[in-house]
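**Q** Whatever this is, show me its structure:
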Amino acid sequence: MKWCLRLIVLILFIRFIESSFRCDYTFSTVAMAWFKHFVIPATWFDARLRCNLEGATLASPTTPEIDAEMTHILKNFFSAESEIFTGIHATFSQGDYYTIEGIPLAEISATWAEDEPNNLGNNESCITLNHHGDLADRSCEETRPYICYRKYELEKEANECGTVDSEYRLDTRTNKCYKFHTQPRTFWRANFVCSAEGGHLAIINSETEAKVLKELFAKYPAVKMTGIFWKDVAFIGFANWGEQGELRTIHGQTLWEAGYSKFSPGEPNNATTGEYCGAIYRTSLLIDLWCNNVYAFICEKDPKYPAVCTAHLNDANVETKS
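**A** Residues are numbered from 1 along each chain as shown. The predicted structure follows:
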């Protein structure tokens with residue numbers, strides 16, 4: 001009886017010393033955090049946003065352990081001349097530097113590169129890190145590589161959709177996960193958001209899926225959306241691929257090949273010329289819209305992508321004796 005009780009306690013304890021997150025992040029037992037580096041440069045604002053959408057934060061060297069991990073990544077995956085964006089910025093008021101988490105720069109033990117900071121051109125409000133571990137101030141609008149970071153959390157694990165984002169919900173009729181975004185964006189930025197979240201703009205593959213999206217849309221009446229934009233349509237994943245009238249999904253299929261091509265009467269009409277991106281009405285019927293206008297949008301996610309990994313901490317010191 002005592003042995004069974006000890007086993008149950010051990011199992012419960014192991015449950016609480018695990019943390020699950022996306023497998024495209026690597027867990028560091030030294031820094032007690034998940035890390036992912038991006039070699040494709042982005043502006044500071046896009047780097048911050050992508051990290052946030054992935055469930056992480058644009059990394060800053062806030063502790064010696066995190067600093068060491070960031071420097072290790074720099075030395076192993078970037079050239080010696082590379083500088084990466086950190087989450088340290090003064091984008092709200094010039095000269096007042098904080099990390100994204102709100103830690104003042106003054107509380108971070110870090111050294112400046114030679115002749116830095118210099119606020120060149122009175123336009124340098126974002127901080128970079130080089131492979132020596134030194135900081136420099138740079139323009140936020142320049143493009144640089146970066147590292148996303150997620151601290152170890154015991155209480156929050158990936159859900160059935162393979163994400164820590166609770167707004168993604170699995171629909172068993174399609175075995176796909178969906179999220180309705182009420183913050184309007186252009187088609188391009190909507191695609192950016194869905195991709196960063198591990199999915200893509202929703203592609204309708206059947207009448208059943210059309211019904212699923214119609215039901216999802218119904219949960220978000222216009223009164224639940226703030227801002228001035230047309231609230232009876234939402235971007236999904238099809239667009240003109242460069243030839244007028246060549247509407248294909250973002251995965252390259254014609255709408256007919258994808259499995260659903262029901263347009264609202266009179267659509268697509270390319271009204272006033274320039275309606276090159278796809279959307280649905282609340283009825284789930286399709287419409288073409290202006291790509292650069294902002295509308296709500298729907299993301300779709302495979303619950304198995306990206307894969308979820310579990311970080312197991314050292315449990316050698318777990319005491320199981322009664």
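
**Q** use CA for all of it now, contacts and neighbours both
**A** Noted.

**Q** Which parts of the stretch 51-200 of the chain are helices?
**A** 64-77, 187-196 (DSSP state H, counting those that start in this stretch).

**Q** okay if I get those as TSV plus mean neighbour count?
**A** Formatted as TSV, the helices of the stretch 51-200 of the chain follow (neighbours: other C-alpha atoms under 10 Å):
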stretch	mean neighbour count
helix 64-77	17
helix 187-196	20
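
**Q** need these in JSON lines with distance to residue 312 and mean pLDDT, can you?
**A** JSON lines is the format used below for the helices of the stretch 51-200 of the chain (distance: least, C-alpha to C-alpha, whole Å; pLDDT from 0 to 100):
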{"stretch": "helix 64-77", "distance to residue 312": "18", "mean pLDDT": "95"}
{"stretch": "helix 187-196", "distance to residue 312": "26", "mean pLDDT": "98"}
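
**Q** could I get those as TSV with distance to residue 225?
**A** Shown next, in TSV, are the helices of the stretch 51-200 of the chain (distance: least, C-alpha to C-alpha, whole Å):
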stretch	distance to residue 225
helix 64-77	39
helix 187-196	16
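
**Q** how about those, which one is nearest residue 38?
**A** Of all the helices of the stretch 51-200 of the chain, helix 64-77 sits nearest to residue 38, with 9.5 Å by C-alpha to C-alpha.

**Q** quick one: low-confidence ranges for this structure?
**A** 1-18, 154-155, 243-244, 313-322 (pLDDT under 70).

**Q** just the strands in the stretch 151-300 of the chain please.
**A** Under the criterion DSSP state E, counting those that start in this stretch, the stretch 151-300 of the chain contains strands at 169-171, 176-185, 200-201, 233-240, 247-249, 277-281, 286-289, 295-301.

**Q** tell me the contacts of residue 179?
**A** 167, 168, 169, 298, 299, 300 (C-alpha atoms under 8 Å, 6 or more residues apart in numbering).

**Q** Mind doing that once more with 6 Å?
**A** Contact partners of residue 179, counting by C-alpha atoms under 6 Å, 6 or more residues apart in numbering, are 167, 168, 298, 299.

**Q** Kindly report the same for residue 302.
**A** Applying C-alpha under 6 Å, 6+ apart, we find residue 302 in contact with residue 176.

**Q** what about it, distance to residue 126?
**A** As judged by C-alpha to C-alpha, to the nearest Å, residue 302 and residue 126 stand 35 Å apart.

**Q** same thing with residue 186?
**A** Distance from residue 186 to residue 126, counting by C-alpha to C-alpha: 26 Å.

**Q** mind giving me the domain split of the protein?
**A** Using automatic domain parsing, the domain ranges for the chain come out as 17-153, 169-301.

**Q** Let me have the ones you listed in CSV, adding distance to residue 310 as columns.
**A** Below are those laid out as CSV (distance: least, C-alpha to C-alpha, whole Å):
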stretch, distance to residue 310
domain 17-153, 4
domain 169-301, 17
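
**Q** Out of the strands of the stretch 151-300 of the chain, the one nearest residue 43 is which?
**A** Across the strands of the stretch 151-300 of the chain, residue 43 has its closest neighbour in strand 176-185 (18.0 Å, C-alpha to C-alpha).

**Q** by how many degrees do that closest one and helix 187-196 diverge?
**A** Angle, strand 176-185 to helix 187-196, by axes from the mean of the first three to the mean of the last three C-alpha atoms, to 10 degrees: 140 degrees.

**Q** Centre of the chain to strand 176-185, how far?
**A** The chain centre lies 13 Å from the centre of strand 176-185; the measure is C-alpha atoms, centre = their mean, to the nearest Å.

**Q** that older thread, in CSV, list the strands of the stretch 151-300 of the chain along with distance to residue 107.
**A** As requested, the strands of the stretch 151-300 of the chain are exported to CSV (distance: least, C-alpha to C-alpha, whole Å):
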stretch, distance to residue 107
strand 169-171, 40
strand 176-185, 34
strand 200-201, 39
strand 233-240, 43
strand 247-249, 49
strand 277-281, 47
strand 286-289, 49
strand 295-301, 39
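
**Q** Out of those strands, which gets nearest to residue 28?
**A** Proximity to residue 28, assessed across the strands of the stretch 151-300 of the chain by C-alpha to C-alpha, is greatest for strand 295-301 (26.9 Å).

**Q** Who does residue 233 form a beta bridge with?
**A** Residue 233 has these beta-bridge partners by DSSP bridges: residue 281.

**Q** What number of residues are in the vicinity of it?
**A** Residue 233 sits with 22 neighbouring residues when counted by other C-alpha atoms under 10 Å.

**Q** sorry, back to before: neighbour-wise, which of residue 186 and residue 126 wins?
**A** With neighbours defined as other C-alpha under 10 Å, residue 186 and residue 126 compare such that residue 126 has more, 28 against 18.

**Q** how about residue 34, phi and psi?
**A** Torsion angles at residue 34 (phi, psi; degrees, to the nearest 10) stand at phi -100, psi 140.
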